[in-house]
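Asks: Pasting a predicted model and its sequence here:
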Amino acid sequence: MTAIALALLIVPALAGIAAIWLPPKAAGPVTAVVGLASFGLVLALIPALSRHDLNVLGFIRIDALSVVFLLATSFLYACVSLYSIGYLRTEAHGIRDHRYDRRFWIGLNLFAWSMLAAPLMGNLALLWIAIEITTIISALLVALEDTDGAAEAAWKYVLLASAGLAIALLGTIFAYYAGAHVLGQSYNLAFEPLLSAAPHLPPTIVRLAFVLAVLGYGTKVGLVPVHTWLPDAHSEAPTPVSALLSGSLLAVSFYAILRFYQIAAAGVGPQFPRDVLLAFGIASLLLAALYVLDQRDYKRLLAYSSVEHMGILAIGVSFGAPVALAGVLLHVLAHAAAKGNAFMGAGVLARKFGTKQITSVTGGIDLLPWSGPLFMIAILALCALPPFGIFRSEFEIVAGGLAAAHDAVAAVFVVLVTVAFLGLSLAANRMLLSSPRPVGDTVPDRGEPSVLMVVPVVAGVVALLVLGLHPPGELTGLLARAVSVLRGPT
């Protein structure tokens, strides 16, 4: 298992470095192989973690909660790496030189590496560094298109995310200060000793550290009111990068909040951190649901949908019931598959119609015999329709809210999710179910830009069906162990 953990930490980074010298046509297949291998390595960790947590070299620590987030990232890495080969081969990039493709493959691999590294860190300081690295690499990827809009979005992202991570660093410093009271000045911010000592930590400092962590890392998660970078960055980034930003980066940043949640719940009791997450979650879900109703750019529409789903995660954790926490962790996996599919489908629409405007896209089902229906399935999955994984996860979250006697919040949750459903479904209907209209002087030809832009989306649909209908026994056991990790000793 030690070799698996080290391979997860090293191989994607080596793929990114190798892309500096490899011809772009070779870098794509290498990236696809590494993405698939990373997913396989994470799957191989699951049986071992049924027996004990894994500690390697004093700074790598893997438990069931880590693996849930590693699964989401590695699955999306595998899908996006294959999709990207077709994405770069299509006509929109045919006029570019190899420098764009080379930068893309370097950035994609290093971005995935940084997101895989974060859940492996057993130290709050190293976790912060890993998430800071995700900011640097993803900002460069957002600016990759070299347009005014992309440059502005990347600059806005860097400013806001850096400010947020500065706040998160302050929260980490306060966590160290609290730990040093009990563990001594030589304490190095390792997570396990801090969690063990949590009942003896100064409660006021623990509360302050948690609030700062939620506000700081919440900037990367996209929680309201620190979400404003997200729609611009997701809209302007290359489509495969948008899929990773939305399906993986936001979740990895939420993982950091969960680690602080564990410490706060053990140190001052669960009610305070739950109340904080509830406030951020309701605000995020409310604003996102309203914004989804009035979007003209379908990538921005999907970006606001991401804010909605991050609010759902925060609300689910605030309920605290075991079934709600299980729903939250299942939602991390299902959202990665659904939002990855939606952005990959959006990339096909952009290739076919040459626009991101909802009103300019018509006849998607007729003109895209595979990608049109697959994009509709992704939208229905994001709207929590059965039999997909998000229906199951949101059902569990609502059931957990009712079990925890949060009836009013559960009712508000259902209403706001329904409002978001209306916004997403109306936009999808306009783009996919209308009659084809000319783009410029002609109606686009019927057919797919690339088969490689279809196959990964089919894999995502299969994953959504498996998560919704009958999750494998080993995955169910992993989620149960991760819930136990989050709840702590009872």
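Replies: In hand now; what should we look at?
Asks: all strands of this protein, in order?
Replies: For the chain, the strands defined by DSSP state E cover 54-56, 60-62.
Asks: Please identify the deepest-packed of those.
Replies: Neighbour counts averaged per stretch over these are highest for strand 60-62, at a mean of 22; criterion: mean count of other CB atoms under 10 Å. Every C-beta, even on glycine, is put in place using the N, C-alpha and C of the backbone.
Asks: Tell me how far that one lies from the chain's centre.
Replies: 20 Å (CA atoms, centre = their mean, to the nearest Å).
Asks: same deal with stretch 203-218?
Replies: Stretch 203-218 sits 22 Å away from the centroid of its parent chain (CA atoms, centre = their mean).
Asks: pLDDT of that stretch, averaged?
Replies: Average pLDDT, stretch 203-218: 97.
Asks: And for stretch 27-42?
Replies: Per-residue scores along stretch 27-42 average to 96.
Asks: next one: stretch 427-446
Replies: Rounded mean pLDDT across stretch 427-446 is 82.
Asks: Next, count neighbours for the nearest residue to Ala338 once chain neighbours are set aside.
Replies: Nearest non-adjacent residue to Ala338, counting by CB to CB, 6 or more residues apart in numbering: Ala381, 4.1 Å away. Around Ala381 there are 28 other residues, counting by other CB atoms under 10 Å.
Asks: try His98
Replies: The number of residues near His98, taken as other CB under 10 Å, comes to 11.
Asks: can you check the one 5 residues further on too?
Replies: Residue crowding around Arg103 was assessed by other CB under 10 Å; the count is 17.
Asks: likewise His470?
Replies: Look at His470: counted by other CB under 10 Å, it has 11 neighbours.
Asks: Which residues are in contact with Leu368?
Replies: Val348, Leu349, Lys352, Phe375, Arg446, Gly447, Glu448 (CB atoms under 8 Å, 6 or more residues apart in numbering).
Asks: pLDDT score assigned to it?
Replies: Note for Leu368: predicted pLDDT of 94.
Asks: For it, give its distance to Asp445.
Replies: In this view, Leu368 and Asp445 are 11 Å apart by CB to CB, to the nearest Å.
Asks: Tell me where the model's unsure across the chain.
Replies: Under the criterion pLDDT under 70, the flagged ranges of the chain are 91-97, 439-441, 489-490.
Asks: for it, what's the longest helix?
Replies: The single longest helix within the chain, with elements called by DSSP state H, is helix 148-183.
Asks: Going by contacts, tell me the helices and strands next to that one.
Replies: If contacts are counted by 3 or more CB pairs under 8 Å, 6 or more residues apart in numbering; DSSP states H and E, helix 148-183 sits against helix 124-142, helix 191-197, helix 203-221, helix 229-236, helix 250-268.
Asks: Next one: the residue nearest to the spatial centre of the chain from Leu402, what distance?
Replies: In the chain, the centroid-proximal residue (CA atoms, centre = their mean) is Ser248; its distance is 2.7 Å. Separation of Ser248 from Leu402 (CB to CB): 30 Å.
Asks: burial count for the residue nearest to Ala161 when sequence neighbours are not counted?
Replies: Distance criterion CB to CB, 6+ apart; nearest residue to Ala161, sequence neighbours excluded, is Thr135 at 4.7 Å. The local packing of Thr135 (other CB under 10 Å) involves 21 other residues.
Asks: How about the contacts made by Thr135?
Replies: Applying CB under 8 Å, 6+ apart, we find Thr135 in contact with Tyr157, Val158, Ala161, Ser162, Leu165, Lys220.
Asks: 10 Å instead, please
Replies: Contact analysis of Thr135 by CB atoms under 10 Å, 6 or more residues apart in numbering lists Ser114, Tyr157, Val158, Leu160, Ala161, Ser162, Gly164, Leu165, Thr219, Lys220, Leu249, Ser253.
Asks: Let me know whether the last one touches Gly216 as I believe.
Replies: Think Ser253. Yes: Ser253 lies in contact with Gly216 (CB atoms under 10 Å); the separation is 9.5 Å.
Asks: Please, where are all the helices along the stretch 351-490 of the chain?
Replies: For the stretch 351-490 of the chain, the helices defined by DSSP state H, counting those that start in this stretch cover 364-367, 371-382, 389-403, 407-432, 455-469, 473-487.
Asks: Can I get the shortest one in PDB, CA atoms only?
Replies: The C-alpha trace of helix 364-367 is given here as PDB (Å, rounded to 0.1, in the frame of the first residue of the first chain):
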ATOM      1  CA  GLY A 364     -28.600  19.800 -30.000                       C
ATOM      2  CA  ILE A 365     -30.400  16.400 -29.900                       C
ATOM      3  CA  ASP A 366     -30.800  16.400 -33.700                       C
ATOM      4  CA  LEU A 367     -27.300  17.500 -34.600                       C
END
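Asks: hang on, the earlier thing: among the contacts of Thr135, pick out the one closest to Val457, please.
Replies: The closest of those to Val457 turns out to be Leu249 (CB to CB; 19.7 Å).
Asks: what's near enough to touch the closest one?
Replies: Leu249 sits next to 73, 76, 111, 114-115, 118, 131, 134-135, 137-138, 220-222, 230, 233, 241, 306 when contact means CB under 10 Å, 6+ apart.
Asks: Cool, thanks, talk later.
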